[in-house]
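This is the structure alone, sequence omitted:
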């Protein structure tokens, strides 16, 4: 993680909004949450991360030149409830069979940031990539947590716990 690049991007960006772009919810065929009783536990399994996709919205030159320039970052998330027994068995096999997944929620969010008027998009490229890799989740995570809580209530299941966001460990190959 390059703190200098992240600082450079942070000084050029101002968060504007976070939007849900897509969502998919899959429930196991015979899993009817309000009537489902079991003697085994279901464990949540998370996945998340910046997709690496960036988009710039730069208005054409206008007489006033005060139209904002935007940078859009995309972030994918997912959580699934898995039968504990399958999760334990998967420790040896490293794959979880589809029949062990009872519920899955996947989303893609888009975070919009206003770019400082004096910022040079070309020069900021590496800084924006680093920002997306390590800091984007701080802005998206509350929306993700709220979405999962809302879906849980609508499906009549106990809320699925989404832990606090933790910055991923830097890639050891990076300097």
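Ah, there it is. Since the model is a prediction, treat every value here as computed from it, not as a measurement.

If you rank every helix and strand of this protein by mean pLDDT, what lands last?
helix 84-93 (a mean of 62; mean pLDDT, DSSP states H and E).

Quick check: what element follows that helix along the chain?
strand 101-115 (DSSP states H and E).

For whichever helix or strand comes after that following strand, give me every contacting residue.
Sequence-wise, the next helix or strand downstream of strand 101-115 (DSSP H and E) is helix 121-134. With contact meaning CB atoms under 8 Å, 6 or more residues apart in numbering, helix 121-134 is reached by 1-2, 5-6, 8-10, 12-13, 50, 52, 54, 56, 58, 69, 71, 73, 115, 167-168. For every residue, glycine as well, the C-beta is placed using N, CA and C.

what angle do helix 121-134 and strand 101-115 make?
Going by axes from the mean of the first three to the mean of the last three CA atoms, to 10 degrees, helix 121-134 is angled at 150 degrees with respect to strand 101-115.

Low-confidence stretches in this protein?
Residue ranges of the chain with pLDDT under 70: 32-40, 60-66, 86-94, 168-175.

Kindly tell me how buried residue 102 is, as a neighbour count.
Residue 102: 20 surrounding residues under other CB atoms under 10 Å.

what sits against the closest residue to residue 159 other than its chain neighbours?
Excluding the flanking residues, the one nearest residue 159 by CB to CB, 6 or more residues apart in numbering is residue 152, at 4.7 Å. Residue 152 makes contact with 158-160, according to CB under 8 Å, 6+ apart.

Kindly report the same for residue 114.
13-14, 16, 68-70.

and with 7 Å instead?
14, 16, 68, 70 (CB atoms under 7 Å, 6 or more residues apart in numbering).

Save these as CSV, and put in distance to residue 111 too.
As requested, the contacts of residue 114 are exported to CSV (distance: CB to CB, whole Å):
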residue, distance to residue 111
14, 11
16, 8
68, 15
70, 10
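
List only buried entries from these.
The neighbour count (16 or more other CB atoms under 10 Å) marks residue 70 as buried among the contacts of residue 114.

Format the contacts of residue 114 as CSV; extra columns: secondary structure and distance to residue 26.
What follows is those, written out as CSV (DSSP: H, G, I helix; E, B strand; the rest coil; distance: CB to CB, whole Å):
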residue, secondary structure, distance to residue 26
14, strand, 36
16, strand, 32
68, coil, 38
70, strand, 33
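
Can you pick out the most distant pair from the contacts of residue 114?
In the contacts of residue 114, two members sit farther apart than any others by CB to CB. They are 14 and 70, at 10.1 Å.

Now do residue 125 against residue 9, distance only.
10 Å (CB to CB, to the nearest Å).
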